[in-house]
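Q: need coordinates for the below:
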Amino acid sequence: MTKLFSLCCTGLFLLTSCLLLDAADGKDGPVYTDIHEVDSDYQFQGEYRGWQRSRPTARSSEPVAIQVIALGEGKFAGTKYYGGLPGEGWFGGTRYELQGETTGDVVTLRNDEYNVILEKNIATIMTKDGRRAGVLQKLHRVSSTMGAAPPAGAVVLFDGTNTDNFKNAKTTEDRLLIAGTETKESFDSFRLHAEFRLPYKPMARGQGRGNSGFYLQSRYEVQVLDSFGLEGVENECGALYKTRRPDFNMCFPPLQWQTYDIDLTSPNFDEKGNKISNMKISVWHNGVLIHNKAEIPNKTGGGKPEGTELFPIKLQDHGNPVMYRNIWIMPKRPDSKGGSSWVSTHVKAAPIPIY
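A: Sure, this is the predicted structure:
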C-alpha cells in the first residue's frame, strides 16, 4: 500500500512507509496516498449513475450521473450530468453544479432545483418540496486501456522491475515510479501508454491538488492534476497545458488508477530549419478520446522551444506524490508524405505485471 515516504539511500531509492498526513507547509492540508488511511469524507466522493424523472409526476425517466468532490472538513461539491457520466453518455454540454456538507452520516448537496442525499453508496435526488425524483448508485469505473500490454516492438520504459530507462528515478516500496524524473532516451514521433495515480488532497485547490504532467520531448505538456468533477479547462487534467482544453473532462477520482494513451507526431522542418507543419497530438484519457489530431503551434507552458533537436519525456515534479506504472512507448518514423508510421524496433516487448 503506497504512502508518502522519506528518501532512503539504498537500492532503487525506495521510500520508507511512514504516511505523511499533513503537507509540509500546511496550506494544502492533509495528503493521502493510501486508500486505507483516508478521512471519513472519502467514502462519499466518487461517481454515481442512475435515473431521474424529467418532472416529479412523469412516468418516464432519463439517465443522469453525479460526480461528488470532497473539499475537506465535511464540505462537498457535485457536478450533475444528464445522459450519463463523462465519456459514458455525456460528451460535453451543460454541467449542473451543487454544493453541500455532511450532517451526521448523510451528505446533502443542493442547487436551485434539487437536493441530492448521499447515504450508503446511494444518491437520492429530491425535489425542493420533498418528493423523490431519481436514484443513483455509486460505481467504480476502470479505464478500457488499463493494464495494456506493449505491442511487439515497443520500448518498455517502466514495468516495476527497475528504473534503468529513467534519470535519477525514485520508486516506492511497492514498485511505483514517483513523479520527478525523465527518460534517458529522447524520442521523435511516438505512441505512449502510461498509468498514473493522484493523491487525495481534499483541502487543496487548483494547481495544488496533485499536480504533475507529461512533458513530451520536454516541450509539450499533457497536464496531470486532480480535476475530478471540474469543467476541464486549459490548466486542468487532460489539457495541453495553457494551450488547449480537453474536449471534456475524463478525470477519475484521486487514488483511482488512470490511463493516458498519447499519439504524437513531431513538427516538420525544412533544410533551413523553418517549420513547415505543426505538431499533431491525439490523447485518450481513461480510454476516451479527448484530443483528436489536435495541431499545436508552439511549445506549451515552460517547455523547451521547438526545433529539430530531440529531448527526453519528463514526468514533472510539482511537489505532489503522483505515482506512475506500466509505461511503454512505440516509436514512429517519418513517411514519404511528411507524416509518421509505426516502426518496429529491435526491443522485445515483455508482459507488464499489474500490481
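Q: where does pLDDT dip in this protein?
A: The chain contains residues with pLDDT under 70 at 1-26, 55-59, 333-355.
Q: residues contacting residue 270?
A: Counting by C-beta atoms under 8 Å, 6 or more residues apart in numbering, residue 270 touches residue 276. C-beta coordinates here come from the backbone N, C-alpha and C atoms, glycine included.
Q: centre of the chain to stretch 85-97, how far?
A: Its chain's C-alpha centre and that of stretch 85-97 lie 17 Å apart, by C-alpha atoms, centre = their mean, to the nearest Å.
Q: same deal with stretch 160-172?
A: The answer for stretch 160-172 is 21 Å, by C-alpha atoms, centre = their mean.
Q: only alpha carbons, please: show it as CSV.
A: Output of stretch 160-172 as CSV, limited to C-alpha atoms (Å, rounded to 0.1, in the frame of the first residue of the first chain):
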residue,chain,number,x,y,z
GLY,A,160,8.1,-2.0,-11.8
THR,A,161,11.3,-4.2,-12.1
ASN,A,162,13.9,-1.4,-12.5
THR,A,163,14.3,2.3,-13.4
ASP,A,164,17.1,1.8,-16.0
ASN,A,165,15.3,3.9,-18.6
PHE,A,166,14.9,7.0,-16.3
LYS,A,167,17.3,9.5,-14.8
ASN,A,168,17.6,9.8,-11.0
ALA,A,169,14.3,7.9,-10.6
LYS,A,170,12.8,7.0,-7.3
THR,A,171,10.3,4.3,-6.6
THR,A,172,8.0,3.4,-3.7
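Q: now that stretch: buried residues?
A: Going by neighbour count (16 or more other C-beta atoms under 10 Å), the buried part of stretch 160-172 is 160, 163, 165, 166, 169, 170, 171, 172.
Q: residue 145 against residue 288, yeah?
A: No: using C-beta atoms under 8 Å as the test, residue 145 is too far from residue 288 to be in contact (9.6 Å).
Q: between those two, which one's more packed in?
A: Comparing residue 145 with residue 288 by neighbour count (other C-beta atoms under 10 Å), the higher total belongs to residue 288, at 21 against 18.
Q: contacts only, for that one.
A: 86, 87, 250.
Q: buried residues in stretch 288-301?
A: Buried residues in stretch 288-301, counted by 16+ other C-beta under 10 Å: 288, 289, 290, 291, 294, 296, 299, 300, 301.
Q: export the residues you listed as a markdown table, with columns for distance to residue 60.
A: Compiled in a markdown table, the buried residues of stretch 288-301 are given as follows (distance: C-beta to C-beta, whole Å):
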| residue | distance to residue 60 |
| --- | --- |
| 288 | 28 |
| 289 | 31 |
| 290 | 32 |
| 291 | 36 |
| 294 | 39 |
| 296 | 44 |
| 299 | 51 |
| 300 | 46 |
| 301 | 47 |
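Q: widest-spaced pair of those residues?
A: Checked with C-beta to C-beta, the buried residues of stretch 288-301 reach their widest spread between 288 and 299, with 25.9 Å between them.
Q: buried among the contacts of residue 288? Make that a ChimeraX selection.
A: This is how ChimeraX selects the buried members of the contacts of residue 288, with burial counted by 16+ other C-beta under 10 Å:
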select :86,87,250
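Q: ok, the contacts of residue 288 vs residue 128, which is closest?
A: Nearest to residue 128 among the contacts of residue 288: residue 86, at 26.7 Å, using C-beta to C-beta.
Q: against residue 52, how distant is the residue nearest to the closest one when sequence neighbours are not counted?
A: Nearest residue to residue 86, sequence neighbours excluded (C-beta to C-beta, 6 or more residues apart in numbering): residue 248, at 5.2 Å. Distance of residue 248 to residue 52, computed by C-beta to C-beta, to the nearest Å: 20 Å.
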